[in-house]
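# okay, sequence plus prediction incoming.
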Amino acid sequence: MTTKASKGQPDTTASREVFEEFFNDYYKHRKQVYVMNFVRGIWFGLGSVIGGTLIITGILWLLSLFNQVPFLTGVVEAIQRSIEAAGR
């Protein structure tokens, strides 16, 4: 049963039916959809990891160009002291 759309609002039932019909026509087998989405997810995750690694590497490389970074000097010194204390 479809309902008539109120003024200014689309009929969501009809839109949903059109979308479902398009989906069912395009993808005949559900297994195909699951495999495609799984592979797409794997590539998305891999791309995210590689992209994040490149961004972090770029930031660290940029920071290494400076001898001292004013706002990080205290943090770096604290880390160095804790590493030296743990090594004794």
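Alright, I've got the coordinates.
# C-alpha from now on. contacts and neighbour counts both.
Noted.
# what helix or strand does Phe23 sit in?
helix 12-26 (DSSP states H and E).
# got it, and Asn67?
Counting by DSSP H and E, no helix or strand carries Asn67.
# list the buried residues in the helix or strand bottoming out on mean pLDDT in the chain.
Least confident element among the helices and strands of the chain, by mean pLDDT, DSSP states H and E: helix 12-26 (a mean of 76). When burial is assessed from 16 or more other CA atoms under 10 Å, helix 12-26 yields no buried residues.
# next, the angle helix 12-26 makes with the strand or helix carrying Ile56.
Element membership for Ile56 (DSSP H and E) is helix 30-64. With axes from the mean of the first three to the mean of the last three CA atoms, to 10 degrees as the basis, helix 30-64 and helix 12-26 are set at 100 degrees to each other.
# pLDDT of helix 30-64, averaged?
For helix 30-64, mean pLDDT is 92.
# gap between it and the chain center?
Its chain's average C-alpha position is 8 Å from that of helix 30-64, according to CA atoms, centre = their mean, to the nearest Å.
# helix or strand right after that helix?
The first helix or strand that comes after helix 30-64 along the chain, using DSSP H and E, is helix 73-87.
# tell me the helices and strands packed up against that next one.
Here helix 73-87 touches no other helix or strand, going by 3 or more CA pairs under 8 Å, 6 or more residues apart in numbering; DSSP states H and E.
# give me the residue at the spatial middle of this protein.
Among the residues of the chain, the one closest to the centroid is Ser48, at 6.1 Å (CA atoms, centre = their mean).
# any idea how far Phe38 is from that one?
Going from Ser48 to Phe38 by CA to CA, to the nearest Å gives 15 Å.
# before we move on, what about Asp11?
From Asp11 to Phe38 the distance is 32 Å (CA to CA).
# can you check Gly51 too?
To Phe38, Gly51 is 20 Å away according to CA to CA.
# export the helix holding Phe23 as PDB, just CAs?
Listed next in PDB are the C-alpha coordinates belonging to helix 12-26 (Å, rounded to 0.1, in the frame of the first residue of the first chain):
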ATOM      1  CA  THR A  12       9.500   7.500   0.100                       C
ATOM      2  CA  THR A  13       7.700   4.300  -0.600                       C
ATOM      3  CA  ALA A  14       7.800   4.800  -4.300                       C
ATOM      4  CA  SER A  15      11.400   5.800  -4.200                       C
ATOM      5  CA  ARG A  16      12.300   2.700  -2.100                       C
ATOM      6  CA  GLU A  17      10.400   0.400  -4.600                       C
ATOM      7  CA  VAL A  18      12.300   2.000  -7.600                       C
ATOM      8  CA  PHE A  19      15.600   1.500  -5.800                       C
ATOM      9  CA  GLU A  20      14.900  -2.100  -4.900                       C
ATOM     10  CA  GLU A  21      13.900  -2.900  -8.400                       C
ATOM     11  CA  PHE A  22      17.100  -1.300  -9.800                       C
ATOM     12  CA  PHE A  23      19.100  -3.200  -7.200                       C
ATOM     13  CA  ASN A  24      17.500  -6.500  -8.000                       C
ATOM     14  CA  ASP A  25      17.800  -6.000 -11.800                       C
ATOM     15  CA  TYR A  26      21.500  -5.000 -11.500                       C
END
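# appreciated, that's everything.
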